[in-house]
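Novice: Have a look at this prediction, sequence included:
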Amino acid sequence: MIWQLDLILLFLIVVIAIASITVRDLLSAIMLLGAYSFLMAMVWVEMHSVDVGFTEAAVGAGATTAFLIAALSRTVRWEKK
Amino acid sequence: MNPENSEIGKGRAGGGDVIVETVSRLMVPFIQLFALYVIIHGAGGPGGGFQGGVIFAASFVLLVIAFGIVDAGDRFPEAANIAFISLGVYIFAGVGLLCIILSLGAAQYLNYGFIPLTTHFEENRALGIDLVEVGIGITVMAVITSIFFNLAWKRESEEGGREE
C-alpha cells in the first residue's frame, strides 16, 4: 500500500461524491457515480483486494451506470429546483 | 428500418451509426469470451460466476445501446430470460442435491467431492465448483438482462412511440 496514492484517491472520491449530489443535471450525476465506482475499484485493488475491486468495476461502473441511464431515459433529465 | 425511425432514438446513441454498430459488433464476442474466462477462472483466482454473469450481461447491454432497444430486444424474449434464470438455479440446486444423494446419508449439501466425475476427491471438488459457477453465471446474466430491458423498454407505448 502506498499511502500517498490512497490519500489522493480517497480525496478524489470525496470530491466526486459531493459533486454528484449537488449537480442538477441527472446525466452528469450518473456519470459522476460511474467515476466514483471506478475510483473505488482502484482503491480496492490498491488495497490488495482484487476480487472486491473486480466486482466493483463490473457491477458499480458497468451495470449500475447502464441501469441508471435506462431509468433516466424514462424520466426528465434536469432536476427541479 | 426506415431512417426517420432511427434518428429519433429517444435521445439514445446508435440506431444507424455505422461506427457504433461496427465497433460493438466487433467487441461483443471478445466481451463474451472474457466473461466465460472469468466464470471458469473463478475457482482459482479473482472472478467467479457473479462477475462473469455481469460482464456477459454487459455485452447484451452494449448490443442494445448500439442497435436500439426495439431491434435488439426482440432477440431476447421474456420467456427465454425466465427460462435461463430458472435453469441456473436448477443447475445450482441440482449439483447440491446430487451431492446429498451421492454422499450416502452424510447429507453434505454442495460438498462437490462426492460427485464421481474423476477418481480423485479434490479434482471432483474443482470440477463441481466450476459446474456451480456456470449455474450462477447463467442466472446472473439473465437477471441483469431482464432488469435492463424492464427498465429501458416502454412496451405498452411502443406502438404509439414509433410512428411519431
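Specialist: Looks like it came in fine.

Novice: What count of nearby residues applies to A:Met1?
Specialist: When counting by other CB atoms under 10 Å in any protein chain shown, one arrives at 7 neighbours for A:Met1. Any C-beta I mention is one placed from the backbone N, CA and C, and that applies to glycine too.

Novice: What of B:Gly45?
Specialist: Using other CB under 10 Å, B:Gly45 has 11 other residues around it.

Novice: tell me the phi and psi of it?
Specialist: The phi/psi pair for B:Gly45 (degrees, to the nearest 10) reads phi -170, psi -170.

Novice: Next one: it from chain A, what distance?
Specialist: 8 Å (CB to the nearest CB, to the nearest Å).

Novice: State the pLDDT value of that residue.
Specialist: With respect to pLDDT, B:Gly45 has a value of 80.

Novice: A:Glu56 now?
Specialist: Per-residue pLDDT puts A:Glu56 at 92.

Novice: What distance do you get for it to chain B?
Specialist: From A:Glu56 to chain B the distance is 10 Å (CB to the nearest CB).

Novice: tell me the contacts of that residue?
Specialist: A:Glu56 makes contact with A:Ser37, A:Met40, A:Ala41, A:Trp44, according to CB atoms under 8 Å, 6 or more residues apart in numbering or on different chains.

Novice: The last one in helix, strand or coil?
Specialist: Judged by DSSP: H, G, I helix; E, B strand; the rest coil, the three-state class of A:Trp44 is helix.

Novice: Touching, it and A:Phe38? I think so.
Specialist: No - applying CB atoms under 8 Å as the test, A:Trp44 and A:Phe38 come out as separate, 10.8 Å apart.

Novice: What's the local residue count around B:Ala107?
Specialist: For B:Ala107, the count of nearby residues is 10 (other CB under 10 Å).

Novice: what do you get for the one 5 residues further on?
Specialist: A count of nearby residues for B:Tyr112, using other CB under 10 Å, gives 24.

Novice: Please report how far it lies from B:Leu104.
Specialist: B:Tyr112 is 15 Å from B:Leu104, where distance means CB to CB, to the nearest Å.

Novice: so who does B:Ile39 touch?
Specialist: Contacts of B:Ile39 by CB under 8 Å, 6+ apart are B:Gly47, B:Gly48, B:Gly49, B:Gly52, B:Gly53, B:Glu133, B:Val134, B:Gly137.

Novice: what's the helix or strand for the last one?
Specialist: Right, the one you point to is B:Gly137. Here B:Gly137 sits within helix B:121-152, counting by DSSP states H and E.

Novice: All good on my end, thank you.
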